[in-house]
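Q: Here is my input, please return the structure:
(one chain, ligands or ions: 1)
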Amino acid sequence: MSPTDGSYVVGIDLGGTKILSVCLDAALNVVDRDYRETQADEGPEAVIARMAASARAVTEGRTVRAIGVSAPGPLDLARGVVTKAPNLPGWLEIPLQRRVSELSGLPTWIENDANAGAFAEYRLGAGRGSRHMVLVAIGTGVGGGLILDGRLYHGASGGAGEVGHMVVDPDGAVCGCGRSGCLEAVASGRVLDDAAQRIAAGEPDGILARIARREGDQPDARILDLAANDGDAAAIEALTRAGRFLGAGLTNLVNLLNPDVIAIGGSVRKSEIYVRTAVETMQRDAFRQHSSDVRIVEAELGDEAPAVGAALLAIEKLDA
Ligand SMILES: [Zn+2]
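A: Coordinates of the predicted model:
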């Protein structure tokens with residue numbers, strides 16, 4: 001797609017609570033966006049109709065070439081099917097790609113939301129100019145995506161990039177996936193939330209509990225970070241411990257893939273102690289050459305990344 005051909009591509013991000021559509025012009029700028037509720041309880045067909053309506057809202061009067069859809073996994077990319085979406089009731093074996101294409105009359109492709117977000121970060125965010133980028137997105141859970149040799153890496157069935165389920169502590173806490181010591185089980189935002197609550201309950205007059213009261217907030221990862229910066233020893237310990245586990249995960253990624261950029265996304269990236277500990281652990285433990293090849297940077301794109309990435313991937317498919 002040349003930057004001057006005057007056509008547009010749409011990205012739709014299907015989330016458990018909201019649908020976001022973005023319209024990208026040929027220069028890859030977001031020129032329009034539409035947010036609406038998913039209302040997942042109404043079932044797949046109603047949600048898909050709402051996705052199509054959202055796409056129409058951003059394309060009124062424009063020449064649109066394709067739609068990219070970002071959806072929660074697992075997906076069957078070859079068939080364009082949502083195999084199972086835990087946050088969307090009734091979503092089992094839903095032919096999302098075909099249905100969006102039928103309702104919009106446009107060529108449509110679907111992609112896992114974490115992968116789509118990683119691809120957007122690679123093309124337009126923290127990974128610009130890199131060839132081999134890993135996104136590690138740390139929120140309540142830990143997700144991510146791999147761009148290797150300039151291409152989104154899918155693996156055998158589209159499931160690659162589950163960085164949150166690298167085992168970094170085989171004797172560690174049990175993960176939502178059933179195994180012990182996944183990165184997500186020992187270093188996610190939820191782990192830090194739990195640590196904050198435990199510290200507040202154990203020391204009701206401690207630094208952390210006082211900060212939570214002052215902020216009028218439940219003890220969570222943000223409060224934990226504030227308390228650590230104010231010298232709360234238990235908070236520093238919790239963030240350092242989680243940071244070491246993230247560091248073990250980064251070491252694995254760096255040694256295995258030799259990336260030039262690892263972008264860290266999600267709200268938890270704002271904790272300086274946590275991220276610094278992780279980076280120092282990786283720099284100490286990874287192969288020296290690998291470690292000097294990689295830049296660990298903050299992800300730059302916000303909530304729109306999956307929608308934008310889905311649109312960018314649709315452009316690649318068109319141009320393929
Ligand atoms: Zn797991």
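Q: tally of neighbours for residue 47?
A: When neighbours are counted by other C-beta atoms under 10 Å, residue 47 registers 24. From N, CA and C alone the C-beta is placed, and that goes for glycine too.
Q: That should have said residue 76, apologies.
A: For residue 76, using other C-beta under 10 Å, the count is 16.
Q: Could you give the bridge partners of it?
A: For residue 76, the beta-bridge partners under DSSP bridges are residue 81.
Q: so who does it touch?
A: Contact analysis of residue 76 by C-beta atoms under 8 Å, 6 or more residues apart in numbering lists 83, 157, 158.
Q: who does the longest helix seen in the chain touch, helix- and strand-wise?
A: Here the longest helix in the chain is taken by residue count, with DSSP state H as the criterion, and it is helix 233-257. Contact partners of helix 233-257 among helices and strands, from 3 or more C-beta pairs under 8 Å, 6 or more residues apart in numbering; DSSP states H and E: strand 133-138, helix 183-187, helix 189-202, helix 207-215, helix 221-229, strand 261-265, helix 272-285, helix 288-293.
Q: Provide the strand pairings for the first one, with the direction of each partner.
A: The partner list of strand 133-138 in its sheet, established with DSSP bridges, is strand 142-148 (antiparallel), strand 261-265 (parallel).
Q: could those strands go into a markdown table alongside mean pLDDT?
A: Putting these into a markdown table (pLDDT from 0 to 100) gives the following:
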| stretch | mean pLDDT |
| --- | --- |
| strand 142-148 | 96 |
| strand 261-265 | 97 |
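Q: Now list the buried members of the contacts of residue 76.
A: Buried members of the contacts of residue 76, scored by 16 or more other C-beta atoms under 10 Å, are residue 158.
Q: Could you dump the strands paired with strand 133-138 into CSV with distance to the ion and mean neighbour count added?
A: Conversion of the strands paired with strand 133-138 to CSV gives the following (distance: least, C-beta to the ion, whole Å; neighbours: other C-beta atoms under 10 Å):
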stretch, distance to the ion, mean neighbour count
strand 142-148, 9, 25
strand 261-265, 19, 26
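Q: In the stretch 51-200 of the chain, where is pLDDT below threshold?
A: Applying pLDDT under 70 to the stretch 51-200 of the chain picks out no residues at all.
Q: The ion versus residue 103, what's the distance?
A: If you measure residue 103 against the ion using C-beta to the ion, to the nearest Å, the figure is 35 Å.
Q: Can you report how many residues neighbour that residue?
A: The burial metric for residue 103, expressed as a neighbour count using other C-beta under 10 Å, is 17.
Q: is it fair to say it lies in a helix?
A: Yes - remark: residue 103 belongs to a helix, assigned using DSSP: H, G, I helix; E, B strand; the rest coil.
Q: these two touch, right, residue 62 and residue 8?
A: Yes - counting by C-beta atoms under 8 Å, residue 8 is a contact partner of residue 62 at 4.8 Å.
Q: Please identify every residue contacting each of those two.
A: The contact sets of residue 62 and residue 8 overlap at residue 23 (C-beta under 8 Å, 6+ apart).
Q: So for those two, which sits in the more crowded spot?
A: Under the neighbour definition other C-beta under 10 Å, residue 62 and residue 8 were set side by side, and residue 8 has more, 20 against 15.
Q: can you pull the contacts of residue 165?
A: 175, 177, 179, 182, 183, 184.
Q: which bits of this protein sit near the ion?
A: By C-beta under 5 Å from the ion, the part of the chain that sits against the ion consists of 165, 175, 177, 182.
Q: Highest neighbour count among the residues you listed?
A: Each of these was scored by neighbour count (other C-beta under 10 Å); the top score is that of residue 182, with 28 neighbours.
Q: give me every residue that touches that one.
A: Contacts for residue 182 (C-beta under 8 Å, 6+ apart) come out as 164, 165, 166, 167, 168, 175.
Q: same check, this time on residue 238
A: For residue 238, the contact set (C-beta under 8 Å, 6+ apart) comprises 192, 195, 196, 199, 224, 228.
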